[in-house]
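[1] attaching a predicted model along with its sequence, questions to come.
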Amino acid sequence: MSTWAEWFAEQRAGREDAGLQRALRPRAADEDVIDLANNDYLGLSCHPEVRRAAADAALRWGAGAGASRLVTGTTTLHAELERELAEFTDHEAALVFSTGYHANLSAVTALADKHSLIVSDAHVHASLIDAARLSRAAIEVVPHNDVAAVRAALAGAGGRRALVLTESVFSVLGDAAPLPDLAEVCADHDALLVVDEAHGLGVLGEGGRGSVHANGMAGDPHVVMTATLSKSLGAMGGAVLGSAALVDHLVNRARPFIFDTGLAPAPTAAALTALSCLRRQPARPSQIHQRGGELADRLGVPRSAGAVLSVPMPSPQVAIAAQAAALAEGVRVGCFRPPSVPDGISRLRITTHVGLDEDRWEHAVDVLTHVVKDHRRSP
């Protein structure tokens, strides 16, 4: 074998020994599985109006945006979506990206540089971690949801421009950030609080407007909101929301925005229509909390602030076995293992969905109840 072939083989063997080897598993469009691993919390991805809007946009505009947003990749669909997102969340302006990952990369790398300080919660998403690294700023990682640690880090900024990174609802544990306290600390130190609402938009606050809006922080000059369009809105893409000055800065300085092809017309139209559906059915988010609370109680785990339930497992191998056992009974759940989990504990990750009818939801709850009970007893 060549040196590279040997290295690849050694790397795979190490992952397999640790129970951390992963593989792609294509799914069919017509499979009869209750999918509680995806993030389509509100069931809007397959909503007839959303699918029709995506199809019509592809027929009218073509399959892709054709260029970066600053060349010819911005359509009237993008402009309309940005206006609607800003209005819905009560922000002055919004900027749409091809993914939520790009939104986080853009916000952080355009606002911080080697002369800045980034204070990052230990549990933030990988996109924020990567963004902080790419920014070349000094990085201080603080314990999860520790406001005092954030205050101490900002006190030591020494005049540097500072950003604090957090999520409204954390993607693995499903717990909420103390946003009002963090915003107060940031205002005291003239720092920016970057809040990733990937799991908050469409789930938290009045009609799903998110935690930033619910806490009266929309429009706060010390708060920047990022979001994805691929979870509650069931489409694809991401957004940064804040002041018009912020958006102008990102358009001119955010490399992941400037050099990336614009979001395709189909998901742009889909997200816009999903947002319209959410406006007309503001009770959908409350159904997430009702079902999520019921499932958490049955599984004996803490209730989630959002739509994500986290079920600790004894080991990566047990987590994989539990996932397989649930799938054998027609229920798909996520399986998070290192390095995807910030505390190193392997988990089943279960997402609450309101797009399922009551019978299928009850079946999923029954299956997961006995699967989790059986496997958590495993050595």
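    Sure thing, it's come through.
[2] G355: how many residues sit nearby?
    Neighbour count for G355, taken as other C-beta atoms under 10 Å: 18. Any C-beta I mention is one placed from the backbone N, CA and C, and that applies to glycine too.
[3] repeat that for the one 3 residues further on.
    Around E358 there are 8 other residues, counting by other C-beta under 10 Å.
[4] please verify my assumption that P267 contacts G238.
    No: under the criterion of C-beta atoms under 8 Å, P267 makes no contact with G238, lying 10.7 Å away.
[5] joint contacts of these two?
    In terms of C-beta atoms under 8 Å, 6 or more residues apart in numbering, P267 and G238 are both contacted by the residues L229.
[6] hey, C-alpha coordinates of the helix or strand in which L128 is found in CSV?
    With elements taken from DSSP states H and E, the one containing L128 is helix 126-135. What follows is the C-alpha trace of helix 126-135 in CSV, where atoms were taken according to Å, rounded to 0.1, in the frame of the first residue of the first chain:
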residue,chain,number,x,y,z
ALA,A,126,-19.4,23.6,14.6
SER,A,127,-20.1,26.4,12.2
LEU,A,128,-19.5,29.0,14.9
ILE,A,129,-16.4,27.2,16.1
ASP,A,130,-15.0,27.2,12.5
ALA,A,131,-16.0,30.8,12.0
ALA,A,132,-14.1,31.8,15.1
ARG,A,133,-11.0,30.0,14.0
LEU,A,134,-11.1,31.5,10.5
SER,A,135,-11.5,35.0,11.9
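[7] which elements pack onto that helix?
    Identification of packing neighbours for helix 126-135 by 3 or more C-beta pairs under 8 Å, 6 or more residues apart in numbering; DSSP states H and E yields helix 100-111, strand 116-121, strand 161-167, strand 192-196.
[8] how about these in a markdown table, adding distance to G174, mean pLDDT and mean neighbour count?
    As requested, the helices and strands packed on helix 126-135 are arranged in a markdown table below (distance: least, C-beta to C-beta, whole Å; pLDDT from 0 to 100; neighbours: other C-beta atoms under 10 Å):
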| stretch | distance to G174 | mean pLDDT | mean neighbour count |
| --- | --- | --- | --- |
| helix 100-111 | 17 | 98 | 26 |
| strand 116-121 | 14 | 98 | 24 |
| strand 161-167 | 10 | 98 | 25 |
| strand 192-196 | 14 | 98 | 27 |
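[9] output these as a markdown table; include the columns distance to E16.
    As requested, the helices and strands packed on helix 126-135 are arranged in a markdown table below (distance: least, C-beta to C-beta, whole Å):
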| stretch | distance to E16 |
| --- | --- |
| helix 100-111 | 28 |
| strand 116-121 | 32 |
| strand 161-167 | 32 |
| strand 192-196 | 33 |
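[10] between the ones you listed, which gets nearest to L20?
    When the helices and strands packed on helix 126-135 are compared for distance to L20 using C-beta to C-beta, the nearest one is helix 100-111, at 21.9 Å.
[11] packing partners of that closest one?
    By 3+ C-beta pairs under 8 Å, 6+ apart, helix 100-111 packs against strand 93-97, helix 126-135, strand 161-167, strand 192-196, strand 223-228, strand 238-242, helix 244-253, helix 255-258.
[12] could I get those as a markdown table with distance to V333?
    Written out in a markdown table, the entries for the helices and strands packed on helix 100-111 read as follows (distance: least, C-beta to C-beta, whole Å):
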| stretch | distance to V333 |
| --- | --- |
| strand 93-97 | 29 |
| helix 126-135 | 20 |
| strand 161-167 | 21 |
| strand 192-196 | 23 |
| strand 223-228 | 20 |
| strand 238-242 | 25 |
| helix 244-253 | 36 |
| helix 255-258 | 31 |
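[13] among these, which is nearest R25?
    Between R25 and the helices and strands packed on helix 100-111, the tightest spacing by C-beta to C-beta is seen for helix 126-135, at 20.7 Å.
[14] quick one: mean pLDDT for the closest one?
    When pLDDT is averaged along helix 126-135, the result is 97.
[15] which other residues reach it?
    Identification of contacts with helix 126-135 by C-beta under 8 Å, 6+ apart yields 100-101, 104-105, 107-109, 111-113, 116, 118, 120, 139, 165, 167, 194, 196.
[16] what's the angle from it to strand 238-242?
    For helix 126-135 against strand 238-242, the angle by axes from the mean of the first three to the mean of the last three C-alpha atoms, to 10 degrees is 70 degrees.
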